[in-house]
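>>> Here is my input, please return the structure:
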Amino acid sequence: MSKANTASLCMAAAMCAGVGSVHAQYSVNISTEVEQIENPLLSPVNPGGVTVVRLVPTYTYEAQGDRTRSRFTAGAVIERSSNTQRLASRNYPSLGYTWGYTWPTADIELRGNLAESATRNTELQDLGRVTVDGKERTAVLGATWNKDLTARTRLTLGAENNRVTYDTPLLVDYREQEVFSRFSWEATERTTYYVEPAFSRLLPAGGIPDSRLNRWLVGSRAQLAPDLSLTASLGHARATGFMPSSATVGGVQLTHTGTRLTTEFELQRGMEPLSSTSGYVRAEVLRVRLGYQLSESATISASYRRSESIGPAGATGTVLGLTLNNELASNWSSLLGVEDRKSNYVVGGTGTGWSVRAALIYLFPGR
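Coordinates of the predicted model:
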């Protein structure tokens with residue numbers, strides 16, 4: 001993490017504490033975990049498993065004023081591996097700050113985030129593959145402005161600068177700049193339509209040529225019933241520069257929230273940066289989740305995620321999980337989970353693995 005970015009977030013935290021807020025609250029969350037992971041890198045030839053012990057502390061401070069709102073978070077994931085040749089022991093710190101201001105017919109939000117994560121997780125989630133055990137560092141600065149044009153129409157303008165670096169030469173550092181706008185209108189009290197054009201520029205390190213991405217979407221959000229909502233979009237994206245390509249993009253998200261049963265279905269298709277070359281590739285993510293409340297203190301959930309990237313280095317990854325959350329006391333809860341992972345590479349074969357995780361979580365709600 002750069003000193004300049006860290007200093008900026010610390011200054012933002014001071015601003016958060018200095019606002020004349022009507023209400024302020026902080027909380028502390030501490031999770032201790034033990035996870036047994038088989039074939040963590042999903043290699044075609046399984047080298048064996050590893051046990052990981054984690055400590056995950058998180059601090060959150062929120063303030064709400066008449067017109068201002070702010071949120072500051074600081075956390076870390078501290079991992080210790082039983083076999084550092086298969087999976088390194090690492091620490092993944094994170095800082096985040098969001099500040100917003102509201103006028104009678106407009107609002108603005110400024111945000112910054114610094115975070116580190118494991119490439120074995122991000123690569124599988126975004127592109128369906130696991131290429132290397134490394135550390136990914138992400139620094140994000142962004143701003144969004146909303147303006148009510150009429151009682152039923154709204155204009156949104158936004159910009160974001162995203163810088164991603166790795167601690168391994170097998171992956172390419174890059175910076176992505178994005179500007180977007182959205183015009184939305186409420187057709188009825190339950191249905192909203194929108195048009196969203198966007199432009200992104202990808203600047204890889206190491207002398208790799210830049211890439212540009214032009215995208216547009218049309219979509220709608222609808223409340224089909226009190227417990228059922230639907231969001232759908234369709235559009236086109238075209239990448240030029242280092243890896244030229246074009247694709248139909250969009251997605252659909254359906255959410256049902258019942259008294260005991262919760263169902264989520266999401267399918268998204270877009271174009272994402274490829275970390276091994278820093279060009280844009282077509283990518284698709286399918287996510288399904290079912291949750292059932294067994295009792296007032298226990299919930300069981302099943303999830304399925306399929307990620308696919310298309311191209312010479314493409315892959316398809318699937319993650320199937322089952323999790324039991326149990327509230328032990330007012331501030332204590334536990335988690336038990338099993339997960340099955342698989343990655344099928346265009347070149348390189350298929351790798352499978354599984355994990356079993358147990359966690360004890362403490363939440364101090366603060367004031």
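>>> so where's the protein shaky on pLDDT?
The chain contains residues with pLDDT under 70 at 1-22, 277.
>>> Helices along that one, start to end?
Taking DSSP state H as the test, the helices found in the chain are 3-18, 119-127.
>>> if I pick the residue nearest to residue 357 when sequence neighbours are not counted, what's in contact with it?
Distances taken as CB to CB, 6 or more residues apart in numbering place residue 35 nearest to residue 357, at 4.2 Å, with adjacent residues excluded. From N, CA and C alone the C-beta is placed, and that goes for glycine too. By CB atoms under 8 Å, 6 or more residues apart in numbering, the residues touching residue 35 are 51-52, 54, 355-358.
>>> before we move on, what about residue 338?
Applying CB under 8 Å, 6+ apart, the residues contacting residue 338 are 321-322, 354-357.
>>> Tabulate the contacts of residue 35 (TSV), appending neighbour count.
Listed next are the contacts of residue 35 as TSV, based on neighbours: other CB atoms under 10 Å:
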residue	neighbour count
51	14
52	19
54	17
355	20
356	15
357	18
358	13
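>>> Report the two of these separated the most.
For those, with distances taken as CB to CB, the pair at the greatest spread is 54 and 356 (13.6 Å).
>>> Surely residue 341 is in contact with residue 321?
No: counting by CB atoms under 8 Å, residue 341 does not reach residue 321; the two are 9.1 Å apart.
>>> more crowded one of these two?
residue 341 (23 against 18; other CB atoms under 10 Å).
>>> and the gap between the more buried one and residue 134?
Counting by CB to CB, to the nearest Å, the separation of residue 341 from residue 134 is 18 Å.
>>> just residue 140 next, same as before
Distance, residue 140 to residue 134, using CB to CB: 19 Å.
>>> So if I had to pick from those two, which one is more boxed in?
Each of residue 140 and residue 134 has its neighbours counted (other CB under 10 Å); residue 134 has more, 20 against 17.
>>> The more buried one touches residue 173, doesn't it?
No: contact criterion CB under 8 Å: residue 134 and residue 173 do not qualify, at 11.6 Å.
>>> Could you name every residue contacting both of these two?
Residues touching both residue 134 and residue 173 by CB under 8 Å, 6+ apart: residue 166.
>>> And for residue 139, nearest residue in space, chain neighbours not counted?
residue 163 (4.6 Å).
>>> got it, and residue 307?
Per CB to CB, 6+ apart, closest to residue 307 is residue 128, 3.9 Å.
>>> neighbours around the one you found, how many?
26.
>>> and it, what is it in contact with?
306-309, 314-318, 343-344.
>>> give me that answer again for 6 Å
307-309, 315-317 (CB atoms under 6 Å, 6 or more residues apart in numbering).
>>> Is it possible to get a markdown table of the residues you listed that adds distance to residue 177 and neighbour count?
Compiled in a markdown table, these are given as follows (distance: CB to CB, whole Å; neighbours: other CB atoms under 10 Å):
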| residue | distance to residue 177 | neighbour count |
| --- | --- | --- |
| 307 | 24 | 24 |
| 308 | 26 | 19 |
| 309 | 22 | 23 |
| 315 | 27 | 25 |
| 316 | 29 | 19 |
| 317 | 28 | 25 |
